[in-house]
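Enquirer: Fold the following, please.
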Amino acid sequence: MNPAPTAPDTHLVLVEPEIHWNAGNAGRTCLAVGAQLHLVGPLGFSLDERQVRRAGLDYWEHVRPRVWPSFASIEAQLSDLGEPFFFCAQEGKVLWEVRFPERVVFLFGRESVGLAPEIRARHHGRLVQIPILDERVRSLNLSTSVALALYEVLRQRRPSVPR
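Expert: Here you go, the predicted structure:
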């Protein structure tokens, strides 16, 4: 099956990711859906680490993440990439209620604390959350959340199927 076109109009930004496995898995998902992975430093790991490549399996060499030194450096370029949406576990519009545009940028924060409060405050109207029904669950794993968001874009872009 060939999904609807998604190529470089979909961007995934991991802001200060801490866990190499999540970055590798997110990179593999980006490759699967035709999205560009962006990593914003400081990173909690080295991209040269064997674990990052292992998490991305033999796909990592094809992922080719774009690395940014700081959030300020990518924030200034967001409008060139597409319309930004900032993911937050506690607040924002529910993922399923957002109609994503053709050019979209998804931003996720660190595994331990998410996006910094000042980033959330500055972009409050652009916050999106993935529904969590059990209040005992604080958040989902980063790479799981990335997959849910990217595949929601694919779902929205798929051609209409006659019923």
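Enquirer: From now on I want contacts and neighbour counts done on CA atoms only, so please keep to that.
Expert: OK.
Enquirer: Chain neighbours aside, what residue packs nearest to residue 69?
Expert: residue 41 (4.9 Å; C-alpha to C-alpha, 6 or more residues apart in numbering).
Enquirer: next one: phi and psi at that neighbour?
Expert: Backbone dihedrals for residue 41, given as degrees, to the nearest 10, come out at phi -80, psi 170.
Enquirer: neighbours around it, how many?
Expert: Counted with other C-alpha atoms under 10 Å, the neighbours of residue 41 add up to 18.
Enquirer: swap in residue 121?
Expert: Neighbours of residue 121 (other C-alpha under 10 Å): 11.
Enquirer: and what of residue 93?
Expert: There are 16 residues near residue 93, going by other C-alpha under 10 Å.
Enquirer: swap in residue 81?
Expert: Counted with other C-alpha under 10 Å, the neighbours of residue 81 add up to 16.
Enquirer: Would you agree it is in contact with residue 105?
Expert: Yes - between residue 81 and residue 105 a contact is recorded at 6.7 Å, counting by C-alpha atoms under 8 Å.
Enquirer: which neighbours do those two share?
Expert: residue 11 (C-alpha atoms under 8 Å, 6 or more residues apart in numbering).
Enquirer: helices and strands of the protein: which one bottoms out on pLDDT?
Expert: Least confident helix or strand of the chain, by mean pLDDT, DSSP states H and E, is helix 50-55 with a mean of 65.
Enquirer: And the longest helix along the chain, what's buried?
Expert: Looking across the chain with DSSP state H, the single longest helix is helix 142-157. For helix 142-157, a neighbour-count test (16 or more other C-alpha atoms under 10 Å) marks 142-143, 145-147, 149-154, 156-157 as buried.
Enquirer: nearest to residue 113, of these?
Expert: Looking at the buried residues of helix 142-157 and their distance to residue 113, the nearest is residue 142, at 11.0 Å (C-alpha to C-alpha).
Enquirer: Can you give me the separation between that closest one and residue 100?
Expert: Distance of residue 142 to residue 100, given as C-alpha to C-alpha, to the nearest Å: 20 Å.
Enquirer: Kindly report the same for residue 85.
Expert: According to C-alpha to C-alpha, residue 85 stands 9 Å off from residue 100.
Enquirer: Since that was my last question, I'll sign off now.
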